[in-house]
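S.K.: With the sequence up front, the predicted model follows.
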Amino acid sequence: MNGSKVAKREGYVPRGLARTGPVLFSYGFRPFFLGAAVWAVVAMTLWIAALAGHLEVAGSYGAHAWHAHEMLFGFAPAVLAGFLLTAVPNWTGRLPVSGWPLAALFALWLAGRAALLSPDVIGIPPAAAIDGLFLPALLLICAREVIAGRKWKDLKVLGSLLALSLANACFHFAVVMGDHPHIAMRLGISAYVALVTIIGGRILPSFTVAAFAASLLHTVRLARWRGWRTWPEMLLIILHVAYAFVPLGFAAIGIGALGFVEEHSVMHVLTVGAIAAMMLAVMTRASRGHTGYALTASRLTAASYAAIVVSALLRPLAEIFPSVAASLYAVSGSAWILAFALFCAEYGPILVRKRRAVQ
């Protein structure tokens, strides 16, 4: 009896199907969670150095455009890939992508990072084309599994992946044409927020009144989950804290539409607070659960949560208080680096080792 039939019969998917080759490529969450965390540290370090005038980043692509792109379409898609390549097999009962196919997909993601870091080596259009391959490839893989498994209710996830693929392409097009990619950024952020809130089917609203209404609804929804009862388990608390940035972000959208808050502040409430904090929460919880470790946050994990929340709270204030913007950039960026450096330190060794035997 093959592995697929066993998985369907027993109601689980084996953890790590590749029996040869590096453990790192035995399951999707391993390379992509680790790669995302390393890149989160490296990319933010380079960005802070560029802001301080110590080096140039991304050549003629532009350091500001590169930073925005690498957070939305470099770091975040890697986390999303790690999650989906692990979750979709559990949804469909099919075997996960592993081994050399997984390594090839990870190499495609790495190629995008390298191409955009020095785009003038081959030219911006070819570099953008290389980067633009990863999200469609991930979409095709997930679509194949969802359709083969006949899990039609999960097609909405494919819609978000399609939106991200289009947003990435639009981002590159805007940069090549010399325009600001704010529309592509909004579409990308909307897709991620939709993924965060996909169970409730909430989509980022377009109008001010809808934004305030959505903020209230998500606040009520969060309160009904009674997150305070999860204390002191930080693996659970961080999920509620990260989700709290969703109604906060919707409120910021409404306030921003009235002209009281800059668009960059609104974006960072959602990107750092709702998206990155939720991604870190998922990365730590999934990494522990799928490698045989207890679902209890260690001190390092709790510290990483605190750091990402500090980053999320401070970064939007830079546009509100321009007189201390430089300091807020530095502290927020440093907190971001600390959060993902702690993940690398604790979970890096776990992700490259075999799964622990169930006690």
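M.R.: Nice, thanks for sending it over.
S.K.: For the rest of this, base every contact and every neighbour count on C-alpha atoms.
M.R.: Fine.
S.K.: In the helix or strand where residue 165 lies, which residues have enough neighbours to count as buried?
M.R.: Using DSSP states H and E, residue 165 maps to helix 155-176. Counting neighbours by 16 or more other C-alpha atoms under 10 Å, one finds that the buried residues in helix 155-176 are 157-176.
S.K.: Which helix or strand contains residue 180?
M.R.: Short version: residue 180 belongs to no helix or strand, going by DSSP H and E.
S.K.: gap between it and residue 304?
M.R.: Distance, residue 180 to residue 304, using C-alpha to C-alpha, to the nearest Å: 33 Å.
S.K.: What of residue 138?
M.R.: Taken as C-alpha to C-alpha, the span from residue 138 to residue 304 is 28 Å.
S.K.: Looking at the two, which one has more neighbours?
M.R.: Just comparing residue 138 and residue 304: by other C-alpha atoms under 10 Å the higher neighbour count belongs to residue 304, 25 against 21.
S.K.: Name the SS class of the nearest residue to that one once chain neighbours are set aside, please.
M.R.: Of all residues beyond its chain neighbours, the one nearest residue 304 is residue 339 (4.1 Å), with distances taken as C-alpha to C-alpha, 6 or more residues apart in numbering. Three-state assignment for residue 339 (DSSP: H, G, I helix; E, B strand; the rest coil): helix.
S.K.: Now name the helix or strand holding the residue lying closest to residue 154 once chain neighbours are set aside.
M.R.: Nearest residue to residue 154, sequence neighbours excluded (C-alpha to C-alpha, 6+ apart): residue 146, at 6.9 Å. Using DSSP H and E, residue 146 sits within helix 134-148.
S.K.: Surely residue 243 and residue 274 touch.
M.R.: Yes - counting by C-alpha atoms under 8 Å, residue 274 is a contact partner of residue 243 at 5.8 Å.
S.K.: shaky segments in the stretch 251-359 of the chain?
M.R.: 251-261, 263-265, 356-359 (pLDDT under 70).
S.K.: ok, which stretches of it are strands?
M.R.: Here the stretch 251-359 of the chain has no strands by DSSP state E, counting those that start in this stretch.
S.K.: Go ahead and name everything in contact with stretch 101-109.
M.R.: 25, 27, 28, 31, 32, 74, 78, 130, 131, 133, 134, 137 (C-alpha atoms under 8 Å, 6 or more residues apart in numbering).
S.K.: Drop the exposed ones from the residues you listed and show what's left.
M.R.: 25, 27, 28, 31, 32, 74, 78, 130, 131, 133, 134.
S.K.: Let's see which of the residues you listed end up in helices.
M.R.: Judged by DSSP state H, these include 31, 32, 78, 130, 131, 134 as members of helices.
S.K.: Tell me who's in contact with the closest residue to the fourth one other than its chain neighbours.
M.R.: Among residues not flanking residue 130 along the chain, residue 112 sits closest, at 5.6 Å (C-alpha to C-alpha, 6+ apart). Counting by C-alpha under 8 Å, 6+ apart, residue 112 makes contact with 74, 127, 128, 130, 131, 132, 134.
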